[in-house]
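1. Got a predicted model here, sequence first, then my questions.
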Amino acid sequence: MTDTLSLTQAFDLYEKARRFMPKAEFPVATDEISGLMDIADQFDVAVLDSFGVLNVGEGAIPGVADTVEALRQSGKHIIVLTNGATLDQPGAVAKVQGFGFDIDSDDVISSRSALKFGLQSFDRHMLWGITAPAHSNCQTLGIEFEYLGDNPETYSKADGFILLSTHDAQPAHHRLLQDALLAKMRPVLVGNPDLVAPRGSYMSTEPGYFAWLLHETTGVEPQNFGKPHAQVFEQAKQRIQQVLGAIDPARVLMVGDSLHTDIIGGAAAGFTTVLTTQDGFFAGADPHKYFAACGIRPNYMLPRI
């Protein structure tokens, strides 16, 4: 899809979709810091979003790999928690490592892995229609599926739909999916709940955006996997337990660029939250007015990690 949104449009849409998000409590004030090393004595684990924190589009943010390595050398455990659902686990790990980050494969957790776990609650004989490019290796989900394209019959016979990526989707495909749901309501699973992704000079629309449109036009209640929803944070907690044992969730940082995915999700999980502002959702904007508008605020704020 080629649709794009401005920051204000994206923020307003996230607010409209907020009823789908978990409840959380937020601090009364946000402390501004220059880098994560400023508060290194206050945490044991840094859970890092990808887009807007480690990279923008296909490019790594300058200097971030050095910061991540410095955190590792100081004894901090690093987890990357991403809503990118196009790639399977090996692909997601390779992408993170390709940005220059030395990270264990088990420390890269994606919304796709949460979706894969969630699929276990459905009949294994269901036929799923999936929005995703062919290189997404959907066979690794362990389900029966067909890629959604131009053929209305594919939409008609599907028992449910999965929105993984909008990379190759066209407006006509969205209309076919909308018409299929109006004809017969079926489950819609969203592998990437992001409404937008920062691409430097603009924000691209993501699967969560089209799931919201489907809700508005058909009444379907999408099932979202990934931030800010609990499943993917439970996976992060399980990984932390495996590596470090039981620790206070407040000693875990959730670092991201979005209030409605990273900060709400991290706060709901009991983590300390950190918002980055220079490269992602709030690039070039003053986030304080958005804190006031929605009541969501992080514990800490900084330009880059």
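-> Good, I have the coordinates. Numbers count the residues shown, from 1 in each chain.

2. quick one: contacts for residue 212?
-> 13, 16, 17, 195, 222 (Cβ atoms under 8 Å, 6 or more residues apart in numbering). Yep, even glycine has a C-beta here, placed from its N, CA and C like the rest.

3. from the chain's centre, how far out does the helix or strand harbouring it sit?
-> Assigned by DSSP states H and E, residue 212 belongs to helix 207-218. Counting by Cα atoms, centre = their mean, to the nearest Å, helix 207-218 is centred 16 Å from the centre of its parent chain.

4. What average pLDDT does it get?
-> Helix 207-218 carries an average pLDDT of 94.

5. Repeat that for stretch 43-60.
-> In this model, stretch 43-60 has an average pLDDT of 92.

6. what comes up buried for that stretch?
-> Buried residues in stretch 43-60, counted by 16 or more other Cβ atoms under 10 Å: 43-56.

7. now do stretch 206-216
-> Per 16+ other Cβ under 10 Å, stretch 206-216 contains these buried residues: 206, 207, 208, 209, 210, 211, 212, 213, 214, 215.

8. got it, and stretch 125-143?
-> Quick answer for stretch 125-143 (16+ other Cβ under 10 Å): 128, 129, 130, 131, 132, 136, 138, 141, 143.

9. Strands of the stretch 51-200 of the chain, start to end?
-> Along the stretch 51-200 of the chain, the stretches classed as strands by DSSP state E, counting those that start in this stretch are 55-56, 59-60, 77-82, 108-110, 127-131, 144-147, 160-163, 188-190, 196-198.

10. okay, those strands in JSON lines with distance to residue 93 next?
-> Output for the strands of the stretch 51-200 of the chain, formatted as JSON lines (distance: least, Cβ to Cβ, whole Å):
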{"stretch": "strand 55-56", "distance to residue 93": "14"}
{"stretch": "strand 59-60", "distance to residue 93": "15"}
{"stretch": "strand 77-82", "distance to residue 93": "9"}
{"stretch": "strand 108-110", "distance to residue 93": "5"}
{"stretch": "strand 127-131", "distance to residue 93": "21"}
{"stretch": "strand 144-147", "distance to residue 93": "23"}
{"stretch": "strand 160-163", "distance to residue 93": "21"}
{"stretch": "strand 188-190", "distance to residue 93": "22"}
{"stretch": "strand 196-198", "distance to residue 93": "19"}
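
11. what's the closest of the ones you listed to residue 26?
-> Proximity to residue 26 (Cβ to Cβ) singles out strand 77-82 among the strands of the stretch 51-200 of the chain, at 19.2 Å.

12. Using PDB, list the CA coordinates for the closest one.
-> Extracted C-alpha coordinates of strand 77-82, given in PDB (Å, rounded to 0.1, in the frame of the first residue of the first chain):
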ATOM      1  CA  HIS A  77      21.000  -7.800  28.800                       C
ATOM      2  CA  ILE A  78      19.600  -6.600  25.400                       C
ATOM      3  CA  ILE A  79      16.400  -7.700  23.800                       C
ATOM      4  CA  VAL A  80      15.000  -6.400  20.500                       C
ATOM      5  CA  LEU A  81      11.100  -6.400  20.500                       C
ATOM      6  CA  THR A  82       9.700  -5.600  17.100                       C
END
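
13. Map the structural domains onto the sequence of this protein.
-> Taking automatic domain parsing as the reference, the chain has its domains at 21-113+228-302, 123-224.

14. now residue 40, nearest residue through space, not along the chain?
-> Closest residue to residue 40 apart from its sequence neighbours, by Cβ to Cβ, 6 or more residues apart in numbering: residue 74 at 5.8 Å.

15. I'd like the distance between the one you found and residue 242.
-> Between residue 74 and residue 242 the distance is 21 Å, computed by Cβ to Cβ, to the nearest Å.

16. Likewise for residue 254?
-> Distance from residue 254 to residue 242, by Cβ to Cβ: 18 Å.

17. And the two? Which one has more around it.
-> Neighbour count, other Cβ atoms under 10 Å: between residue 254 and residue 242, residue 254 has more, with 33 against 9.

18. On the three-state scheme, the more buried one is what?
-> strand (DSSP: H, G, I helix; E, B strand; the rest coil).

19. List the contacts of it.
-> Remark: with contacts taken as Cβ under 8 Å, 6+ apart, residue 254 is in contact with 47, 49, 81, 262-263, 265-267, 269, 271-274.

20. Just the ones in strands from those residues, please.
-> 47, 81, 272, 273, 274 (DSSP state E).

21. The fourth one: what's it in contact with?
-> When the contact criterion is Cβ under 8 Å, 6+ apart, the partners of residue 273 are 253, 254, 255, 256, 262, 263, 266, 267, 298, 299, 300.
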